[in-house]
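>>> What would the 3D arrangement of this be:
(one chain, ligands or ions: 4)
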Amino acid sequence: MAETKSLFELGLTAQGGRQAQISDITVDSRAVRPGTLFAALPGSRVHGANFILAALESGAAAILTDAEGAALAKDALATANVALIVAQDPRQTLAQTASLWFGSHPGTVVAVTGTNGKTSVSTFCRQMWELMGLAGVNLGTTGVEGAWSYPLKHTTPEPITLHRVLAEADAHDVTHVAMEASSHGLDQRRLDGVILTAAGFTNFSQDHLDYHETFDAYFDAKMGLFARVLSEDGIAVVNLDDPKGHEVSAICAARGQEVIGVGKASDARLRLISQRFDATGQDIRFSWQGRPYQARLDLMGGFQAENVLLAAGLLIASGALPGDVFATFPKLGTVRGRMELAATRENGAAVFVDYAHTPDAVQTALKAMRPHVMGRIVVIVGAGGDRDATKRPLMGAAAAENADIVIVTDDNPRSEDPASIRAAVLSGAIDKGKTVTEVGDRAEAILRGIDLLEAGDALLIAGKGHESGQTVGDTVLPFDDVEQASVAVAALEGKI
Ligand SMILES: CC(=O)N[C@H]1[C@@H](OP(=O)(O)OP(=O)(O)OC[C@H]2O[C@@H](n3ccc(=O)[nH]c3=O)[C@H](O)[C@@H]2O)O[C@H](CO)[C@@H](O)[C@@H]1O[C@H](C)C(=O)N[C@@H](C)C(=O)N[C@H](CCC(=O)O)C(=O)O
Ligand SMILES: Nc1ncnc2c1ncn2[C@@H]1O[C@H](COP(=O)(O)OP(=O)(O)OP(=O)(O)O)[C@@H](O)[C@H]1O
Ligand SMILES: N[C@H](CCC[C@H](N)C(=O)O)C(=O)O
Ligand SMILES: [Mg+2]
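Ligands and ions are numbered 1, 2, ... in the order given. Just a heads-up that it's a prediction; the model follows:
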């Protein structure tokens, strides 16, 4: 990366044609140094323009904002010797600027959106590339993983981090990237500067209504991936089995994008014909453009087959040979924290950890376990604080409707009172004819859940998947569901 870039090189035009050499870009006034371009963005709490004066005092060389921001900071800007760029959609402009600032990104980038399954699909894409001898990474909730790894705080990082990470991946010779497009990320234009080869849609159900407020706004945010980010010559890979699948495919077709339909639907080009489940995974029969194939998947849960096929569709859309892609299926491994076998009791009863944190995911995960389990299903469920509160009773209901025994516990309470979150989950779980208990302490809930297991039973610990901490207030306490499960099994079997 060059030390400085001109506004012209960054694709920006300042008012009055004023020029500036930029040495860095940031959205946070506190990170401004002499020569920095400060993007003063409209925020959910405050307009970034309130910090323009502070940015100028720290030596900002240019300000990117919207008309509202320019009006808000009129006085500070009037006397400043600074380049002012006023954009209609400053978040989108920032995304494109970040892309030009960092320069290169790996040649093949695919993105996947949907309420559930983004991490799973992008991880399967990366596993398939690696098995085909290509340097691939997945980028999302679990950080950057694969040929090069890097931790991330967000599922879809803000554009400056995103493009820095993509440029570093490129510098580490990564050629293929599968990234998650969260609805927050799409709404805030975080990935608008990424050139995508293909984009995928998994499914649509309730989550994040605290942020988007309505289902329509949430759906529209997700559709930004196809309607705005993926270009007309990109390929859309769409799960047609979701009730929204055909609507998504119509949106893509209207933009002239080629659509690869995936699923059990009769019009799917990559079609799941049948599945046979056993204790360690499943065999699937599927077809590509009418030609049938059969493969072994050492993965639990019918929905994982849908995720695998969606990932395969994204690879085919990016130019891989279908036969090469399908040959990787038997070698695919569990995605961390997604239907992951965490421990097994001496009587054979299995304990799974799964990241189900929406009503639909709780239902899907429990329903998916049934054909693998001959005995009872016990579930441990809770909900996170400072997140969509309306999903809590629905998660409780989904647990009670699809398991035999329900234990309601804490997830990440964050700033909220854990007891009132549990009460909301419990309110949906009771009166469904199932045994429902409340155990606030998550480690104790896991111990008690495992203690209940008899031969043929299984336990699902839902909600935290790969997470390695529990956020209580501002503190993150070390906590790992997989680890707790094996500790509890060892304690109960008298091994520790
Ligand atoms: C709700 C949300 O998404 N907020 C994002 C948003 O911040 P905001 O609009 O709330 O910021 P604000 O506090 O109102 O401030 C406005 C602006 O003033 C700036 N500021 C503020 C203070 C100051 O002193 N100086 C200054 O310059 C801020 O940097 C910001 O640009 O814009 C910021 C900059 O782009 C983001 O970092 C921030 O993400 C926050 C940290 C966040 O936690 N987001 C989560 C909810 C999120 O995005 N999650 C998704 C979904 C995960 C999933 O699917 O489950 C993800 O992709 O991870
Ligand atoms: N195709 C699917 N359909 C329905 N539920 C699914 C599907 N794939 C995964 N799930 C459920 O959703 C949970 C989360 O999966 P995953 O982490 O892949 O989703 P995500 O979209 O990345 O979630 P996040 O919004 O947190 O990034 C899984 O643990 C599983 O319970
Ligand atoms: N990325 C998701 C993860 C939720 C996981 C769950 N454990 C919780 O804390 O709610 C979110 O922030 O909504
Ligand atoms: Mg994810």
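>>> Any residue of the biggest helix by length in the chain touching ligand 4?
When the chain is parsed with DSSP state H, its longest helix is helix 302-317. No: using CB under 5 Å from the ion, helix 302-317 stays clear of ligand 4, with a minimum separation of 11.7 Å. No exception for glycine: its C-beta is placed from N, CA and C like everyone else's.
>>> what's the spacing between that helix and its chain's center?
When distances are taken as CA atoms, centre = their mean, to the nearest Å, helix 302-317 is centred 16 Å away from the chain's centroid.
>>> same question, stretch 385-396
Using CA atoms, centre = their mean, the offset of stretch 385-396 from its chain centre is 18 Å.
>>> so how far is the first residue of that stretch from its last?
15 Å (CA to CA, to the nearest Å).
>>> What is the burial count for the residue lying closest to Asp404 once chain neighbours are set aside?
Leaving aside its sequence neighbours, Asp404 sits nearest to Arg376 (CB to CB, 6 or more residues apart in numbering; 4.1 Å). Neighbour count of Arg376, defined by other CB atoms under 10 Å: 17.
>>> Arg376 touches Asp457, doesn't it?
Yes: contact criterion CB atoms under 8 Å: Arg376 and Asp457 qualify, at 4.7 Å.
>>> Break the chain down into its domains, please.
5-96, 104-331, 340-492 (automatic domain parsing).
>>> wait, does the last one contact ligand 2?
Yes: where contact is defined by CB under 6 Å from any ligand atom, part of domain 340-492 touches ligand 2, namely 354-356, 361, 364-365, 465.
>>> mind checking the SS state of the closest residue to Ala462 other than its chain neighbours?
Among residues not flanking Ala462 along the chain, Ala356 sits closest, at 4.4 Å (CB to CB, 6+ apart). Following DSSP: H, G, I helix; E, B strand; the rest coil, we place Ala356 in the coil state.
>>> Show me the shaky parts of this structure.
1-2 (pLDDT under 70).
>>> So what touches stretch 72-86?
7, 12-15, 18-20, 40, 47, 49-50, 52-53, 56, 60-67, 69-70, 93 (CB atoms under 8 Å, 6 or more residues apart in numbering).
>>> Right, and ligand 1 sits closest to which residue of this protein?
Closest to ligand 1 within the chain is Gly43: 2.1 Å, counting by CB to the nearest ligand atom.
>>> For Gly494, grab the count of nearby residues.
Other residues close to Gly494 by other CB under 10 Å number 7.
>>> Quick check: which element contains Ala424?
Assigning secondary structure by DSSP states H and E places Ala424 in helix 418-429.
>>> So which other helices or strands are in contact with that helix?
Counting contacts by 3 or more CB pairs under 8 Å, 6 or more residues apart in numbering; DSSP states H and E, helix 418-429 packs against helix 391-402, strand 405-408, strand 435-438.
>>> May I see these organised as TSV, with mean neighbour count and distance to ligand 4 added?
Shown next, in TSV, are the helices and strands packed on helix 418-429 (neighbours: other CB atoms under 10 Å; distance: least, CB to the ion, whole Å):
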stretch	mean neighbour count	distance to ligand 4
helix 391-402	25	16
strand 405-408	26	24
strand 435-438	16	28
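>>> Of all those, which one is nearest ligand 3?
helix 391-402 (9.2 Å).
>>> What strands line up against the helix or strand containing Arg285, and which way round?
Taking DSSP H and E as the criterion, Arg285 maps to strand 281-288. Using DSSP bridges, strand 281-288 pairs in its sheet with strand 270-278 (antiparallel), strand 291-297 (antiparallel).
>>> related to what we said a few turns ago, quick check, nearest of the residues of domain 340-492 next to ligand 2 to Ile284?
Thr364 (17.0 Å; CB to CB).
>>> can you pull the contacts of that closest one?
Thr364 is in contact with 116, 301, 303, 356, counting by CB under 8 Å, 6+ apart.
>>> re the thing from before, mind giving me the PyMOL command for buried ones among the residues of domain 340-492 next to ligand 2?
In PyMOL, a selection of the buried entries from the residues of domain 340-492 next to ligand 2 looks like this (16 or more other CB atoms under 10 Å):
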select buried, resi 354+355+356+361+364+365+465
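>>> show me the contacts for Leu134.
Neighbours of Leu134 in contact, by CB under 8 Å, 6+ apart: 175-176.
>>> Could you rerun that using 6 Å?
His176 (CB atoms under 6 Å, 6 or more residues apart in numbering).
>>> Tell me the residues of this structure that contact ligand 3?
Counting by CB under 6 Å from any ligand atom, the chain sits next to ligand 3 at 155, 357, 384, 387, 411-412, 463-464, 467.
>>> Am I right that Asn138 is in a helix?
No: in this structure, Asn138 is strand, not part of a helix, as judged by three-state DSSP.
>>> Ligand 4 versus that one, what's the distance?
To ligand 4, Asn138 is 10 Å away according to CB to the ion, to the nearest Å.
>>> next one: Val373
When Val373 is compared with ligand 4 (using CB to the ion), they lie 26 Å apart.
>>> Pull the number of nearby residues for the closest residue to that residue other than its chain neighbours.
Spatial nearest neighbour of Val373, chain neighbours left out: Ala458 (4.5 Å); criterion: CB to CB, 6+ apart. By other CB under 10 Å, the residues close to Ala458 number 26.
>>> Please name the bridge partners of Ala458.
Residues in beta-bridge contact with Ala458 (DSSP bridges): Ala350, Ile377.
>>> Isn't it up against Ala350?
Yes: with contacts counted by CB atoms under 6 Å, Ala458 reaches Ala350, the gap being 4.9 Å.
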